[in-house]
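Peer 1: generate coordinates for the sequence data below:
(one chain, ligands or ions: 1)
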Amino acid sequence: MTYSLEVEDVNVRFRDHVIIDGLTLRVENDEFVSIVGTSGCGKTTLLRTIGGLLPQAQVGRMTLHGTELRTPEPRATMVFQHFGLFPWKTVEQNIRYGLDVQGRSNGMDARVEQLLDVMSLTAARDKYPYQLSGGMKQRVGIARALCLEPELLLLDEPLSAVDAITREIMQREVLGIIERETRTALLVTHDLDEAIIMSDRIIVLGGPPARVVLDVRSPMPRPRDIDSVRSHPDYIPLRSQLWDSLQSGRVAA
Ligand SMILES: Nc1ncnc2c1ncn2[C@@H]1O[C@H](COP(=O)(O)OP(=O)(O)OP(=O)(O)O)[C@@H](O)[C@H]1O
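Peer 2: Prediction:
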């Protein structure tokens with residue numbers, strides 16, 4: 001088994017409040033894994049720990065392709081729920097930001113153009129965030145993360161702040177991107193349908209403290225598209241299984 005990400009024995013507490021207590025997680029190469037769970041069970045805390053954003057987290061072992069992961073690194077890039085765009089930078093400048101910080105901008109013009117094109121942002125390249133819709137801002141956030149060509153994409157409810165129609169459009173786009181770019185990805189979401197549509201594997205967390213209630217592999221093969229997933233005979237049974245696990249995680253918490 002080739003694991004891309006290995007996280008063993010994660011422990012996080014905020015003061016006396018234990019949020020994660022000895023959780024272990026492994027993600028295979030190019031696997032798209034969703035983490036679902038009721039509000040407050042520790043999903044974002046787990047993602048932030050993996051992204052190196054929680055210095056107080058204690059982790060027995062955390063590696064990406066065998067190399068230790070401790071602090072925020074371009075190898076593991078996060079896309080946040082609230083975009084995190086710089087209001088004074090244009091779309092293109094926001095996408096290039098990570099490259100600029102790392103001094104990697106030279107020679108990356110083709111990559112930036114490709115992402116502008118893939119994200120349907122070419123016509124908006126000189127616009128500022130205040131001139132963009134929620135869905136466009138989110139595409140800029142995802143393009144900025146992809147521009148760094150991360151080995152691991154950490155997605156913290158990246159589609160939660162957009163309306164239902166934009167959300168479905170974005171789901172289709174992100175699915176397409178993941179299929180084309182084959183990235184290992186961890187997605188935190190509240191949305192069971194989104195988890196089923198996007199994922200190779202779904203982990204249901206209960207808690208806090210966060211613990212794995214269910215770890216299930218999708219019966220729907222890649223390449224996936226929303227319509228074929230929704231009409232798949234295993235869609236409803238899988239959704240019921242996830243829902244039951246969510247309830248059991250909540251009751252036992
Ligand atoms: N910086 C912090 N300081 C203190 N407590 C925190 C901090 N961050 C998170 N918590 C607490 O840790 C618990 C888990 O929070 P977390 O954001 O990880 O949950 P979540 O499962 O992502 O929730 P949601 O689905 O509502 O976003 C919550 O009780 C929250 O109040």
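Peer 1: who in the protein is up against the ligand?
Peer 2: Within the chain, the positions adjacent to the ligand are 14, 19, 37, 39-45, 190, 208 by Cβ under 6 Å from any ligand atom. Just so you know, the C-beta spots here come from the backbone N, C-alpha and C atoms, and that holds for glycine as well.
Peer 1: after the strand or helix carrying Val204, which helix or strand is next?
Peer 2: Val204 belongs to strand 201-206 when assigned by DSSP states H and E. Per DSSP H and E, the first helix or strand lying C-terminal to strand 201-206 is strand 211-217.
Peer 1: which parts of the following helix or strand past that next one are buried?
Peer 2: Later in the chain than strand 211-217, the nearest helix or strand by DSSP H and E is helix 226-230. Of the residues in helix 226-230, 226, 229 count as buried by neighbour count, 16 or more other Cβ atoms under 10 Å.
Peer 1: rounded mean pLDDT for helix 226-230, please.
Peer 2: When pLDDT is averaged over helix 226-230, the result is 86.
Peer 1: where do the helices of the stretch 51-200 of the chain begin and end?
Peer 2: Assigned by DSSP state H, counting those that start in this stretch, the stretch 51-200 of the chain shows helices spanning 91-101, 109-118, 134-147, 164-181, 192-198.
Peer 1: picking up where we left off before, give me the contacts around the strand holding Val204.
Peer 2: By Cβ atoms under 8 Å, 6 or more residues apart in numbering, the surrounding residues in contact with strand 201-206 are 25, 27, 31-38, 41-43, 46, 195-196, 211-218, 238, 242, 245-246, 248-250, 252-253.
Peer 1: from the residues you listed, list the buried ones, please.
Peer 2: Using 16+ other Cβ under 10 Å as the burial test, the contacts of strand 201-206 include 25, 27, 31-38, 41-43, 46, 195-196, 211-214, 216, 218, 238, 242, 245-246, 249-250, 253 as buried.
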